[in-house]
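Asker: Just the structure for this:
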Amino acid sequence: MNRHTRRQLLTLAALTGALALGAGTASATAAPAWTETGTSYVNSLTGSQGLASRADGSLVQRGLASVPLDLRIAGWTHIGDPDVADGYTFDAYQGGDDATRKMFAATAPDGKRTTYEHALDGGELLNNSFASVSPDGQWLVSGEWGTMKRLQVFPTPVLNTSAPAPGANLPQAGQITLDMSVENIQGCDFTDATHLLCSSDDAAKEVLGVALDRPLDGKPVTGHVTTVFAIPQRSVCSGTFEAEGIDYDAARGTLRVAVVPPSPCLVTTAVVAYKHS
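Answerer: Below is the predicted model:
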């Protein structure tokens, strides 16, 4: 939910389970390349921000309550859409409106967590919406908020030998320059070395495709943006939906997109699944 996180989640947490999402009047049709296969529902406190698939097919899910207490005390109050690579879980964190740094956390298979901070560069927004690792494990892609024509790229902590040790500033590598503006990107995931799918919380609530002119190599890359499909907006509650995280499970060919319904149904997040047709 980034900077516009709806605080009603905390006060409405007790209602979870009491409100059920039902069939609504608004339904978006997926593009021919993707076929919707089902929808599951998760507690928004632990699953509204995003999800990532492990090698065994199980899911890592993140919500407002997923921020560990020690990190929250340290000022890292928002967690974004995660990713899993080589058994490590990568999380994107941001602080408050006066933050001058953002942070990525790498959690090893044994549960040990290591944090890596990045001091904001000139013109860089404090938002840290997601973490997405390239298929070769070497590059971590993230994004800011609002209307942007770029995605940020960092050497992947732990997996890229050029990444600094914990405690040193994690620098940006060559950015992805987009050929058109995108709005409120909540998450991206690679489908292969040169293609990403991203969830956009713009007015249309849609999944966008980004085709890179070559695999990431730490140097500037251009990305061609296309609209792939609109995210379904179905609920017994009426109002504004919020597109959230996205995950592509390459081993199983399953794409999942999270969407939070309007209040008071926002206590439950819908995860819509697709298969490539």
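Asker: what about D110, how many neighbours?
Answerer: 6 (other Cβ atoms under 10 Å). Every C-beta, even on glycine, is put in place using the N, C-alpha and C of the backbone.
Asker: Can you give me the distance of it to G87?
Answerer: 9 Å (Cβ to Cβ, to the nearest Å).
Asker: what does A163 give?
Answerer: Counting by Cβ to Cβ, the gap from A163 to G87 is 17 Å.
Asker: between the two, which one's more packed in?
Answerer: The residue with more neighbours, out of A163 and G87, is A163; 22 against 11, by other Cβ under 10 Å.
Asker: and that one, what pLDDT?
Answerer: Note for A163: predicted pLDDT of 97.
Asker: swap in A250?
Answerer: For A250, the predicted pLDDT is 96.
Asker: List the residues that contact it.
Answerer: Counting by Cβ atoms under 8 Å, 6 or more residues apart in numbering, A250 makes contact with P135, T191, D192.
Asker: where's the first one, which helix or strand?
Answerer: Counting by DSSP states H and E, P135 is held by no secondary-structure element, helix or strand.
Asker: from what I can see it touches D189, true?
Answerer: No. Using Cβ atoms under 8 Å, P135 is not in contact with D189, being 10.3 Å away.
Asker: Between these two, tell me which one has more neighbours.
Answerer: Using other Cβ under 10 Å as the criterion, P135 and D189 rank with D189 on top: 28 against 15.
Asker: If you drop the residues flanking it in sequence, what lies closest to that one?
Answerer: Y248 (4.5 Å; Cβ to Cβ, 6 or more residues apart in numbering).
Asker: so the one you found, which of the three states?
Answerer: Here Y248 takes the strand state, with states given by DSSP: H, G, I helix; E, B strand; the rest coil.
Asker: Based on its surroundings, how many neighbours for it?
Answerer: Counted with other Cβ under 10 Å, Y248 comes out at 24.
Asker: And for S129?
Answerer: S129, neighbours per other Cβ under 10 Å, totals 31.
Asker: who's in contact with stretch 136-145?
Answerer: Counting by Cβ under 8 Å, 6+ apart, 2-3, 80, 83, 85-86, 90, 92, 104, 124-125, 127-134, 151-157, 159-160, 173, 176, 184-185, 188, 193, 196, 198, 215-216, 218 sit against stretch 136-145.
Asker: Of those, which count as buried by neighbour count?
Answerer: Among the contacts of stretch 136-145, those buried by neighbour count (16 or more other Cβ atoms under 10 Å) are 2, 80, 83, 85, 90, 92, 104, 125, 127-134, 151-157, 159-160, 173, 176, 184-185, 188, 196, 198, 216.
Asker: Quick check: which ranges of the chain have low pLDDT?
Answerer: Scanning the chain for pLDDT under 70 picks out the ranges 1-32.
Asker: which residues in it form helices?
Answerer: Assigned by DSSP state H, the helices in the chain fall at 8-12, 44-47, 69-73.
Asker: what sits against N43?
Answerer: T16, G63, V267, T268, T269.
Asker: so how far is N127 from it?
Answerer: From N43 to N127 the distance is 24 Å (Cβ to Cβ).
Asker: if we look at the sheet, which residues does A273 bridge to?
Answerer: Taking DSSP bridges as the rule, A273 bridges to G38, R256.
Asker: ok, it to H195 distance?
Answerer: 19 Å.
Asker: Kindly report the same for D97.
Answerer: On the measure of Cβ to Cβ, D97 and H195 end up 34 Å apart.
Asker: who's more crowded, the two?
Answerer: Each of D97 and H195 has its neighbours counted (other Cβ under 10 Å); H195 has more, 15 against 7.
Asker: Once you drop chain neighbours, what's closest to C198?
Answerer: C188 (4.0 Å).
Asker: residues contacting that neighbour?
Answerer: D81, F130, S132, V141, G143, L151, L196, L197, C198, S199, V210, I246.
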